[in-house]
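>>> Kindly generate the corresponding structure for this input.
(one chain, ligands or ions: 3)
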Amino acid sequence: MKSVVIQQPGKLVIEERSLPQPSAGEVRVKVSYAGICGSDVHIHHGHNPFAKYPRVIGHEFFGHIDSVGEGVDAIRIGERVVVDPVVSCGHCYPCSIGRPNVCTELQVIGVHRDGGFSDYACVPAANAYRVPVAISDELASMVEPFTIAANITAFLKPQPQDTALIYGAGPMGLTVIQVLKGVYGVQKVIVADRIDERLAMAKQSGADWIINNQYQSVADALAAEGIRPTIVIDAACHPAILQEAILLASPAARIGMMGFSGETSSVTQQSITSKEISLFSSRLNSHRFPQVIEWMEQGKIDPKKLVTHWMPATDVEAAMHLFEKDQRACCKVLLKFPMHG
Ligand code: NAI
Ligand code: MN
Ligand code: ZN
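Residues are numbered from 1 along each chain as shown. Ligands and ions are numbered 1, 2, ... in the order given. Below you'll find the predicted structure:
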C-alpha cells in the first residue's frame, strides 16, 4: 500500500509500506476520502510541536473496515466509518469527566501517531463510527471538522436570541456558522474576515451579515448598528482578536477561543470582569462524532458548502500547496484514495 509520509519537516514522500495488521481492539480502515486541514500543512512545515517524524498525516478520513483485530466483532467488516482522531487513556482526570480530548496522554491520529493519508490505517475500534447511508462517501470525512464546531458551541450554549460574532470564515468559521444557524437557530450571526470570497462562503453557510475587516473595522461596523454581540467566537485565531472580542462583547457575553498561538494576547481583568464575560477554550472534540453524524444525516448542517476541491491523493503535495496558498479559490480540499491500483 501507499502512504503519505512527512519524513522530516519539509519532506513529503508517497512511500510504499507493507499492509498494516490491526492489533487487538483495532480495526483496519481502507481509506477512500480524507480532508486536508491546516494542521497537516503545519506538520509538513515542521510547525507542530506535537508531531514526531516520520509521520503519516491526516486526521479527517472516511473508509470501509476491511479487517479487525482480536476482540473486535468481525461483523464490522464492510462497515462505512469515519474516524475520531482523539485517542485517550480512559482513566486520567479529564478522561474521567468525559473530556478525552485533553487527556494527559492524548494521542491524536495523524499527529502523534500515523494517520489517514494512506491506503489503509489501523485505529482503535471505538474510534471508528458507522456512517449512515444518508451521508455520502464523498462528504463523510467532513464529520471531523464539524466536531470542532460542535465542541466549542457546546461550551457556549447558544440560544436563538443570541447575536453571534465570528472572526474568520475558513473551514472552522464556516462549520461554526452552520452549527449556530442550523442546529441552535441563532437569529443573528455576523462574520468578519479579510477575504471577500471567504465572506461569500460565510453567506452561503448561513451568515446574516458579513464584514470585511480589511476595509472596515468590526468595531465601527457594529457601533453603526448599535450591536453588542452576546457570543463571540475567534475562528481566525490571531492573538490580537481576544482583546477586541472582549471590548465589543455585550455584558454577560460568552467568548470562545480555539487558537494555538504562542504569542501574548493583551487583556485586562477589568475589561473581562466588569462585564462578567465568560471565556471558553475548545480543543478538538470530546465524543462529538455521534452528534455530528446525526446533524448531517438530518440535514441540519451541509458539508458540501465548504468543499471546493476533490483531488486524487497522489496529487497530495499540489493539493496542500493550493490549500495553503489560495484561500480565495480554495476552502476544504478532499483527497481521493487509494493511491494504489
Ligand atoms: P483558515 O486559515 O482557513 O481560516 C482562517 C480565516 O481567518 C481566513 O479566512 C482568514 O482570512 C481569516 N482571518 C485571519 N485573520 C483575521 C482577522 N484578524 N480578522 C478576521 N478574519 C481573519 O483556518 P481554519 O482551518 O479555518 O482554522 C482556523 C483556526 O482554527 C486556525 O488557527 C487553527 O489552528 C484553529 N483550529 C483550532 C482547532 C481546535 O480544536 N481548537 C481545530 C482546528 C483548527
Ligand atoms: Mn482538522
Ligand atoms: Zn486520559
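>>> those strands in the stretch 101-250 of the chain, which residues are they?
Along the stretch 101-250 of the chain, counting by DSSP state E, counting those that start in this stretch, strands occupy 107-108, 120-124, 128-130, 163-167, 188-193, 209-212, 231-234.
>>> do you know which of those lies nearest residue 71?
Checking those against residue 71 by CB to CB gives strand 120-124 as the closest, at 11.0 Å. In short, each C-beta sits where N, CA and C put it, glycine included.
>>> Looking at the closest one now, give me its mean pLDDT.
Per-region confidence: strand 120-124 scores 98 on mean pLDDT.
>>> What lies in contact with it?
Contact with strand 120-124 is made by 1, 19-23, 25-31, 56, 58, 61, 63, 66, 69, 83, 87, 109, 114-115, as judged by CB atoms under 8 Å, 6 or more residues apart in numbering.
>>> rerun at 7 Å
For strand 120-124, contacts defined as CB atoms under 7 Å, 6 or more residues apart in numbering pick out 1, 19-20, 22-23, 25-31, 61, 83, 87, 109, 114-115.
>>> list the buried ones in that strand?
Residues of strand 120-124 classed as buried by neighbour count (16 or more other CB atoms under 10 Å): 120, 121, 122, 123, 124.
>>> Please list the residues of the stretch 1-150 of the chain that sit near ligand 1.
Within the stretch 1-150 of the chain, the positions near ligand 1 by CB under 6 Å from any ligand atom are 38, 148.
>>> quick one, helices of the stretch 1-150 of the chain?
38-45, 93-96, 137-140, 143-156 (DSSP state H, counting those that start in this stretch).
>>> quick one on the thing from earlier: which of the strands of the stretch 101-250 of the chain is buried the deepest?
Stretch with highest mean neighbour count among the strands of the stretch 101-250 of the chain: strand 231-234 (a mean of 28; mean count of other CB atoms under 10 Å).
>>> Name the surrounding residues that touch that strand.
152, 156, 158, 162, 164-167, 176, 241-242, 245, 248-249, 253-259.
>>> sorry, back to before: in ChimeraX, select just the buried ones from the contacts of strand 120-124.
Buried subset of those, written as a ChimeraX selection, criterion 16+ other CB under 10 Å:
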select :1,20,22,26,27,28,29,30,31,61,83,87,109,114,115
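>>> Using PDB, write down the CA coordinates of stretch 105-121.
Provided in PDB are the C-alpha atoms of stretch 105-121 (Å, rounded to 0.1, in the frame of the first residue of the first chain):
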ATOM      1  CA  GLU A 105      -1.700  11.100  27.500                       C
ATOM      2  CA  LEU A 106      -3.500  12.400  24.400                       C
ATOM      3  CA  GLN A 107      -2.600  10.800  21.100                       C
ATOM      4  CA  VAL A 108      -4.100  12.400  18.000                       C
ATOM      5  CA  ILE A 109      -4.200  10.200  15.000                       C
ATOM      6  CA  GLY A 110      -2.200  11.900  12.200                       C
ATOM      7  CA  VAL A 111      -0.200  13.900  14.700                       C
ATOM      8  CA  HIS A 112       1.100  11.800  17.500                       C
ATOM      9  CA  ARG A 113       0.600   8.500  15.600                       C
ATOM     10  CA  ASP A 114       0.100   7.600  12.000                       C
ATOM     11  CA  GLY A 115      -3.000   8.900  10.300                       C
ATOM     12  CA  GLY A 116      -5.300   8.600   7.400                       C
ATOM     13  CA  PHE A 117      -3.500   9.900   4.300                       C
ATOM     14  CA  SER A 118      -2.800   6.200   3.500                       C
ATOM     15  CA  ASP A 119      -4.500   3.500   1.500                       C
ATOM     16  CA  TYR A 120      -5.100   1.700   4.900                       C
ATOM     17  CA  ALA A 121      -5.000   2.900   8.500                       C
END
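>>> circling back to that earlier point, which of the helices of the stretch 1-150 of the chain has the highest mean neighbour count?
helix 143-156 (a mean of 24).
>>> re earlier: of the contacts of strand 120-124, which belong to strands?
Among the contacts of strand 120-124, the ones falling in strands (DSSP state E) are 26, 27, 28, 29, 30, 31, 61, 83, 87.
>>> Residue 290: which of those is nearest?
residue 83 (13.4 Å).
>>> So residue 34 sits against residue 116, correct?
Yes: using CB atoms under 7 Å, residue 34 is in contact with residue 116, at 4.8 Å.
>>> got any residues that touch both of those two?
Shared between the contact lists of residue 34 and residue 116 (criterion: CB under 7 Å, 6+ apart) are residues 58, 61.
>>> got the contact list for the residue most central in space within the chain?
Geometric centre of the chain, nearest residue: residue 145, 2.9 Å, by CA atoms, centre = their mean. Contact analysis of residue 145 by CB under 7 Å, 6+ apart lists 35, 60, 171, 175.
>>> Look up how far ligand 3 lies from it.
According to CB to the ion, to the nearest Å, residue 145 and ligand 3 sit 23 Å apart.
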